[in-house]
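Visitor: coords below, sequence missing:
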């Protein structure tokens with residue numbers, strides 16, 4: 001993790017930690033980087049945050065000033081930028097979004113020509129340039145780049161998602177929580193086109209309400225909506241729609257682990273689960289591994305972040321991977337987590353198996369889990385503190401092998417995530433409390 005870029009791009013509070021000047025300089029570097037010996041071609045998408053427009057224009061100015069042409073997808077999803085880049089001969093894609101974070105945060109996500117997250121070596125070069133190392137010349141005369149309205153690229157992505165559905169959704173009552181974000185128009189268009197009776201909430205963005213008490217991080221709203229309207233299923237997206245969580249017809253929340261269970265079981269039955277392996281992260285629940293063991297499905301664990309999940313999938317030829325948070329990757333169809341593909345694939349399982357989601361997920365049982373995020377002064381100091389390490393060891397010992405404790409630093413925020421899984425909620429709470437109390441005693445918290 002670099003000075004500016006974390007596990008999911010350059011992220012921070014707009015005009016405080018991530019400024020328009022910095023966005024311009026990122027554009028200046030990338031415009032020159034993509035235009036070596038040719039005219040570079042870069043696609044930019046954004047979510048609905050008010051600051052996304054400011055950053056879009058700053059990036060476009062920097063890119064064109066360095067000689068690249070910029071294709072503006074406007075408000076769209078992160079996966080759509082990835083799709084457009086990898087299918088339409090772009091040198092790079094940029095998504096302006098802070099994903100599930102509040103509206104006042106924003107971010108710059110960079111995708112290579114394959115629609116994948118860029119290499120660490122490129123990030124290092126960008127960071128050096130941001131700190132004043134190695135100025136690049138401005139393009140002149142006919143070499144100055146131009147901007148192109150490219151809403152057509154977004155529309156082609158919508159067509160692609162529709163093409164992945166194997167059956168009509170006619171007769172299905174589907175709820176969608178668009179988080180007042182990138183999916184606010186796209187999701188309904190897809191489900192309407194496929195014949196569903198679509199019910200939509202949180203699809204009225206105003207620049208300030210993205211992720212506010214809605215979407216995949218506040219799924220209780222969709223849960224109530226599904227029950228109140230007697231819907232067959234509900235899907236909740238985050239701000240840039242690379243995540244999806246589901247709610248079954250009985251109101252049970254189907255998180256990323258449960259989604260992987262449902263899809264892996266179905267794919268194995270159909271001979272589509274290459275290598276008979278699912279890629280998870282260290283945050284996946286013990287219950288998922290127990291369920292996979294019962295099904296005879298293998299699994300691997302990576303560091304947290306869909307970037308690492310995809311790297312493992314691409315390297316080893318695995319077809320399914322993801323995170324409990326709802327980043328699910330179907331590598332046959334995408335090179336990043338895609339909430340809309342996830343929703344379409346869940347619908348496929350329901351329709352092909354002729355079973356409701358409650359039945360499909362019935363055999364998956366998660367261990368009780370508690371996750372607390374605590375704001376800290378210095379993440380590395382906390383992770384290196386011997387008293388904190390001792391508290392973690394004591395918490396693990398208290399579970400007597402029937403659970404686990406995980407303490408890790410956030411890749412994008414000044415947070416330490418403290419998680420415990422155990423046989424009971426009480427054991428989880430005691431384990432987490434002991435670790436956080438030690439951090440307080442050591443004066444490590446903000």
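Guide: On my side now, so go ahead. Please read all numbers here as calculations on a predicted model, not as lab measurements.
Visitor: How about residue 96: which residues does it bridge to?
Guide: Note on residue 96: beta-bridge partners residue 46, residue 108, judged by DSSP bridges.
Visitor: Pull the contacting residues for it.
Guide: 44-47, 49, 52, 55-56, 59, 106-109 (Cβ atoms under 8 Å, 6 or more residues apart in numbering). C-betas here are computed from N, CA, C, even on glycine.
Visitor: okay, those in JSON lines with neighbour count next?
Guide: Listed next are the contacts of residue 96 as JSON lines, based on neighbours: other Cβ atoms under 10 Å:
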{"residue": "44", "neighbour count": "27"}
{"residue": "45", "neighbour count": "33"}
{"residue": "46", "neighbour count": "25"}
{"residue": "47", "neighbour count": "32"}
{"residue": "49", "neighbour count": "32"}
{"residue": "52", "neighbour count": "26"}
{"residue": "55", "neighbour count": "29"}
{"residue": "56", "neighbour count": "23"}
{"residue": "59", "neighbour count": "27"}
{"residue": "106", "neighbour count": "29"}
{"residue": "107", "neighbour count": "27"}
{"residue": "108", "neighbour count": "26"}
{"residue": "109", "neighbour count": "25"}
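Visitor: which one of these is nearest residue 412?
Guide: Here the nearest of those to residue 412, counting by Cβ to Cβ, is residue 107; it sits at 7.8 Å.
Visitor: so the closest residue to the closest one other than its chain neighbours is in which element?
Guide: Spatially, and ignoring its direct neighbours in sequence, residue 107 is nearest to residue 11 (3.6 Å; Cβ to Cβ, 6 or more residues apart in numbering). Using DSSP states H and E, residue 11 maps to strand 9-13.
Visitor: residue boundaries of the strands in the stretch 151-300 of the chain?
Guide: 173-177, 197-201, 233-237, 244-248, 253-254, 277-281, 298-302 (DSSP state E, counting those that start in this stretch).
Visitor: tell me the most buried of these?
Guide: Most buried of the strands of the stretch 151-300 of the chain, by mean neighbour count (mean count of other Cβ atoms under 10 Å): strand 233-237, with a mean of 30.
Visitor: so that strand versus strand 173-177, what angle?
Guide: Relative orientation of strand 233-237 and strand 173-177, computed by axes from the mean of the first three to the mean of the last three Cα atoms, to 10 degrees: 20 degrees.
Visitor: what lines up beside strand 233-237 in the sheet?
Guide: Partners of strand 233-237, by DSSP bridges, with direction: strand 173-177 (parallel), strand 244-248 (antiparallel).
Visitor: what's the angle from that strand to strand 197-201?
Guide: 40 degrees.
Visitor: Show me which positions of stretch 303-317 end up buried.
Guide: Residues of stretch 303-317 classed as buried by neighbour count (16 or more other Cβ atoms under 10 Å): 304, 305, 306, 307, 308, 309, 310, 311, 312, 313, 314.
Visitor: I'd like the contacts of residue 96 as JSON lines, with distance to residue 378 and pLDDT appended.
Guide: Formatted as JSON lines, these follow (distance: Cβ to Cβ, whole Å; pLDDT from 0 to 100):
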{"residue": "44", "distance to residue 378": "34", "pLDDT": "98"}
{"residue": "45", "distance to residue 378": "34", "pLDDT": "98"}
{"residue": "46", "distance to residue 378": "32", "pLDDT": "98"}
{"residue": "47", "distance to residue 378": "30", "pLDDT": "98"}
{"residue": "49", "distance to residue 378": "28", "pLDDT": "98"}
{"residue": "52", "distance to residue 378": "30", "pLDDT": "98"}
{"residue": "55", "distance to residue 378": "28", "pLDDT": "98"}
{"residue": "56", "distance to residue 378": "33", "pLDDT": "98"}
{"residue": "59", "distance to residue 378": "31", "pLDDT": "98"}
{"residue": "106", "distance to residue 378": "24", "pLDDT": "98"}
{"residue": "107", "distance to residue 378": "22", "pLDDT": "97"}
{"residue": "108", "distance to residue 378": "25", "pLDDT": "98"}
{"residue": "109", "distance to residue 378": "26", "pLDDT": "97"}
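Visitor: Thank you, goodbye.
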